[in-house]
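Asker: sharing a model that was predicted from the sequence below.
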Amino acid sequence: MALPAGGSAGGGGLGGPAGESFDAVDVIIAKRDGQRLSGAMIDWVIDAYTRGVVAEEQMAALAMAIVLNGMDRAEIAAWTSAMVRTGQRLSFRNLAAPTVDKHSTGGVGDKITLPLGPLVASYGVAVPQLSGRGLGHTGGTLDKLESVAGWRAALSTQEMMDQLAAVGAVVCQAGSGLAPADRKLYALRDVTGTVESIPLIASSIMSKKIAEGTAALVLDVKCGSGAFMKDQARAAELARTMVALGHDAAVDTVALVTDMSTPLGLTVGNALEVREALEVLAGGGPPDVVELTCALAREMLAAAARQVAAAPGQAARVEAGRLLEADPLESLANGRAMDKWRAMVAAQGGDPDAPLPVAREAQTVLAPRGGRLTRLDALAVGVAAWRLGAGRSRKEDPVQAGAGIELHAKPGDLVAPGQPLMTLWTDTPERFARALEALEGAFAVEPAGDNPPVENSPGSGPGVGPQPDYRYLGPEGKALESCPPRAIVLERISLEGDRP
């Protein structure tokens, strides 16, 4: 049961400190004992923590109580809303175009933001993407874009608005005024063993996205070894929680649960991933990157169509229909998405024609035997790229623009003995040894004639359709040269009635 405003847990509290509505200890005890916190209690504790009235050790204890006992939907919504209110909330209502953002929970080789924003913007949709930097084995979009000569991540709110109006797409760093309580709480959770809580993860992500002010949001919730959520069922639970939070805050929200058991695409590292994104924008690129980019683009265009369809008149209905019927592959093939990329980069001081950085040193990993590559672990590849200099251990650490890993084969491919499987790139060759250590046991090559299974899915869960058949013999017993592509999108999660 929820505690009343001004009340205390256990019936023994004497109220909060002078001038305060509650006492932190009472709030901690309530959640420790499995009680539901009232909206008033949540509002107070988030505000008081931001003001420094609730001490770090007290918030750490409350976070652990939440990890152990959870929160219901009303509590999570109140917690998220309270964090939003600790800072500013942007608004894009003055823009003529519908607005849609995308957020990924992070993975290895996840360069989707780079082609996706310009692609969706090429259809007349405004795409504001406030992004972050990489930490650990997952890369950061800002780090990738900073490998483009002259590009800058820091924009004022007015500069961001002007660019959205003129270009339609922007990727920039989030300002310090968005959900400052989350920034403080995230740092605390990171050092107190309270990161892995779906209520806290969901509220952390969604408080920033709601504060950003976009009308619609498409979530890419990754699962597998290279993702934060290793299991599909847990990833789907996180996705459902965030979709509900979005709708509770009047943000049209849809989520795709996607596979991150194997690196996405053929590159992991900042400039390497920009190069691959440019291949996609030019109408090429690895099939899995193109597939996921287009799947997310279709969801974003559908969300934009719902905004347009809400306006009265025949013109709005026609425009909504155009967005719904759009084929993202067309804008990749005809150059419109590339034109938007160039305009977006140039608007932020970047030179879209400048050559991308290339690391000074390279080392190749060869196939130990011939056969079929059946496994390529995303986490191991991500850690190896991090150790090569593509990532950072602390937020203040520099990154090497050219460092990373280039893949020459993916699970399902046939390889010959001694064939290159991947190339490691770095400016500091002393990093190769530790990167190679991370790759020990990261891949498996099995005899092709033994019909080995490819390790693909991070698990199954509700709402998952039929998975691909990874047998390597055709209907007449003839060996296939390669296996069918693995499933990238595992599940779509939304609330009912989100289609026009």
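Answerer: In hand now; what should we look at?
Asker: residue contacts, the nearest residue to residue 332 once chain neighbours are set aside?
Answerer: Distance criterion C-beta to C-beta, 6 or more residues apart in numbering; nearest residue to residue 332, sequence neighbours excluded, is residue 283 at 5.1 Å. C-betas here are computed from N, CA, C, even on glycine. Applying C-beta atoms under 8 Å, 6 or more residues apart in numbering to residue 283 gives the contacts 332-333, 335.
Asker: go on, residue 133?
Answerer: Residue 133 makes contacts with 140, 142-143, 173, 392, 395, as judged by C-beta under 8 Å, 6+ apart.
Asker: residue 77 too?
Answerer: By C-beta under 8 Å, 6+ apart, the contact set of residue 77 is 244-245, 248-249.
Asker: next: residue 128.
Answerer: Applying C-beta under 8 Å, 6+ apart to residue 128 gives the contacts 92, 99, 101, 160, 164, 170, 212-214.
Asker: state the pair within the contacts of residue 133 that is farthest apart.
Answerer: Taking C-beta to C-beta, the two most distant members of the contacts of residue 133 are 173 and 392; they sit 15.2 Å apart.
Asker: so where's the stretch 1-150 of the chain uncertain?
Answerer: For the stretch 1-150 of the chain, applying pLDDT under 70 flags the ranges 1-18, 134-139.
Asker: that one: helices as residue ranges?
Answerer: 24-32, 39-51, 56-69, 73-84, 113-121, 141-145 (DSSP state H, counting those that start in this stretch).
Asker: next: the stretch 201-350 of the chain.
Answerer: For the stretch 201-350 of the chain, the helices defined by DSSP H, counting those that start in this stretch cover 232-248, 270-281, 287-309, 314-325, 328-334, 336-347.
Asker: check which residues of the last one are buried.
Answerer: By neighbour count with 16 or more other C-beta atoms under 10 Å, helix 336-347 contains the buried residues 336-338, 340-345, 347.
Asker: do the longest one as well
Answerer: Neighbour counts using 16+ other C-beta under 10 Å place 288-290, 292-309 of helix 287-309 among the buried residues.
Asker: with the fourth one instead?
Answerer: Of the residues in helix 314-325, those buried by neighbour count under the rule 16+ other C-beta under 10 Å are 319-320, 323-324.
Asker: check the first one too.
Answerer: Using 16+ other C-beta under 10 Å as the burial criterion, the residues of helix 232-248 that qualify are 232-248.
Asker: tell me, how many residues neighbour residue 406?
Answerer: 18 (other C-beta atoms under 10 Å).
Asker: how about the nearest residue to it, chain neighbours excluded?
Answerer: Setting aside the residues directly before and after it, residue 406 is nearest to residue 423 in space (C-beta to C-beta, 6+ apart), at 4.5 Å.
Asker: from what I see, residue 345 and residue 148 are in contact.
Answerer: Yes: look at residue 345 against residue 148 with C-beta atoms under 8 Å: they come within range, at 5.9 Å.
Asker: give me the common contacts of these two.
Answerer: 351-352.
Asker: can you find the helix or strand of the chain with the lowest average pLDDT?
Answerer: In the chain, no helix or strand scores lower on mean pLDDT, DSSP states H and E than helix 180-190, which sits at a mean of 89.
Asker: hmm, who's touching it?
Answerer: 46-47, 49-50, 56, 59-60, 63, 82-83, 86-87, 176, 194-195, 197, 200, 203-204, 207-208.
Asker: show me where the stretch 251-400 of the chain dips below the pLDDT cut-off.
Answerer: 395.
Asker: can you pull the contacts of residue 289?
Answerer: Counting by C-beta under 8 Å, 6+ apart, residue 289 touches 111-112, 115, 264-265, 276-277, 280.
Asker: now swap in residue 273 and tell me
Answerer: Residue 273 neighbours (C-beta under 8 Å, 6+ apart): 109, 111, 114, 139, 144, 265, 267, 404.
Asker: what of residue 263?
Answerer: 107-109, 226, 376, 378, 381-382, 405, 407.
Asker: which residue, neighbours along the chain excluded, lies closest to the most centrally placed residue in the chain?
Answerer: For the chain, residue 104 is the residue whose C-alpha lies nearest the centre (C-alpha atoms, centre = their mean; 1.4 Å). Residue nearest to residue 104 in three dimensions, not counting chain neighbours: residue 220, with 4.1 Å by C-beta to C-beta, 6+ apart.
Asker: where does that neighbour land on pLDDT?
Answerer: Confidence at residue 220, expressed as pLDDT, is 98.
Asker: circling back to that earlier point, pick the one among the buried residues of helix 336-347 closest to residue 412.
Answerer: residue 337 (28.1 Å).
Asker: would you agree that closest one is in contact with residue 122?
Answerer: Yes: the criterion here is C-beta under 8 Å, and residue 337 meets it with residue 122 at 4.9 Å.
Asker: shared neighbours of the two, anything?
Answerer: Common neighbours of residue 337 and residue 122 (C-beta under 8 Å, 6+ apart) are residue 331.
Asker: measure stretch 326-342 end to end?
Answerer: 22 Å (C-alpha to C-alpha, to the nearest Å).
Asker: for stretch 48-58, same thing?
Answerer: Counting by C-alpha to C-alpha, the terminal residues of stretch 48-58 are separated by 11 Å.
Asker: just give me how far it sits from the chain centre.
Answerer: 29 Å (C-alpha atoms, centre = their mean, to the nearest Å).
Asker: mind listing what's buried along that stretch?
Answerer: Residues of stretch 48-58 classed as buried by neighbour count (16+ other C-beta under 10 Å): 48-50, 53-54, 58.
Asker: now swap in stretch 412-428 and tell me
Answerer: Buried residues in stretch 412-428 (16+ other C-beta under 10 Å): 412-415, 419, 421-427.
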